[in-house]
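Asks: Would you be able to build a 3D model of this:
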Amino acid sequence: MSYGQVVIGPPGSGKTTYCRGMKEFLTGLGRDVVVVNLDPANEGEDLKPDIDIRDLITLDDVMEEFDLGPNGGLVYCIDFLKENFEWLSDKVKPLRRKYFLFDFPGQVELYTHGSAVRSLVDTLQKEHDMRLCAVHLVDASYCTTPSIFISALLTSLNVMMRLELPHINVLSKVDIAQQQQELDFRLDFYAEGGDLHHLITAMQQHAPS
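Replies: Residues are numbered from 1 along each chain as shown. From the prediction side, this is the model:
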């Protein structure tokens, strides 16, 4: 049996940075960690994944071959991985009993409309006896505008329902958000999600006069 995290969230929310920090933390606790990059557009060099979808397919190659844009290219890549799951399975199989961090793409349509990510997660759990949870990163800058924060909440709920995994939402880049603009409420209000009716008053205050 293996355990792991499915790290998701919008582009630029800090998924790869989170994976790097979580790997350092877990390694310090004596856990043997495997980082799996499943984002074919991830060009960051700050974290060397142990398994990398770019060894199978890259977004640039798909866009050039099929004349697709970035969004269509990402959908194609994840569908291609789903159809060629044995590639990922062969990589994962020798690493059983380790702790996995799956760094997924940020395109929201992959989770709210498509079924490939759900299929990948389900197959990993069934075929490799994995116990996975979803870690959904949300850029804290979304908290600076009530309407955008509500949109982020609804997106998180949508993803939670579609993946059907134990799920936790994490506010990322909190330090940057607080520097950019003063928040309407204390930070724990956004983290706990209680008394959301206060957002109505805040939305009225932000409405154009």
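
Asks: Pretty sure Ala191 sits against Val170.
Replies: No. Taking Cβ atoms under 8 Å as the definition, Ala191 is not a contact partner of Val170, at 9.1 Å. Just so you know, the C-beta spots here come from the backbone N, C-alpha and C atoms, and that holds for glycine as well.

Asks: Sketch out the low-pLDDT regions of this protein for me.
Replies: Residue ranges of the chain with pLDDT under 70: 44-46, 177-181, 184, 193-194, 206-209.

Asks: What about Ser141? Give its phi and psi, please.
Replies: phi -60, psi -20 (degrees, to the nearest 10).

Asks: That one and Leu187, how far apart?
Replies: Remark: distance between Ser141 and Leu187 (Cβ to Cβ, to the nearest Å) = 13 Å.

Asks: okay, those two: which has more neighbours?
Replies: Ranked by neighbour count (other Cβ atoms under 10 Å), Ser141 and Leu187 place Ser141 first, with 20 against 14.

Asks: can you map out the helices along this protein?
Replies: 15-28, 59-66, 70-83, 85-92, 109-112, 116-128, 146-163, 174-180, 187-192, 198-206 (DSSP state H).

Asks: export the third one as CSV, just CAs?
Replies: When you say that, I think you mean helix 70-83. Taking Å, rounded to 0.1, in the frame of the first residue of the first chain, the C-alpha atoms of helix 70-83 are listed here in CSV:
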residue,chain,number,x,y,z
PRO,A,70,-2.2,25.6,-25.0
ASN,A,71,-5.6,24.5,-23.5
GLY,A,72,-6.4,22.0,-26.3
GLY,A,73,-2.8,20.7,-26.1
LEU,A,74,-3.1,20.1,-22.4
VAL,A,75,-6.4,18.2,-22.8
TYR,A,76,-4.8,16.1,-25.5
CYS,A,77,-1.7,15.3,-23.3
ILE,A,78,-3.8,14.2,-20.3
ASP,A,79,-6.1,12.1,-22.5
PHE,A,80,-3.0,10.6,-24.1
LEU,A,81,-1.6,9.7,-20.7
LYS,A,82,-5.0,8.1,-19.8
GLU,A,83,-4.9,5.9,-23.0
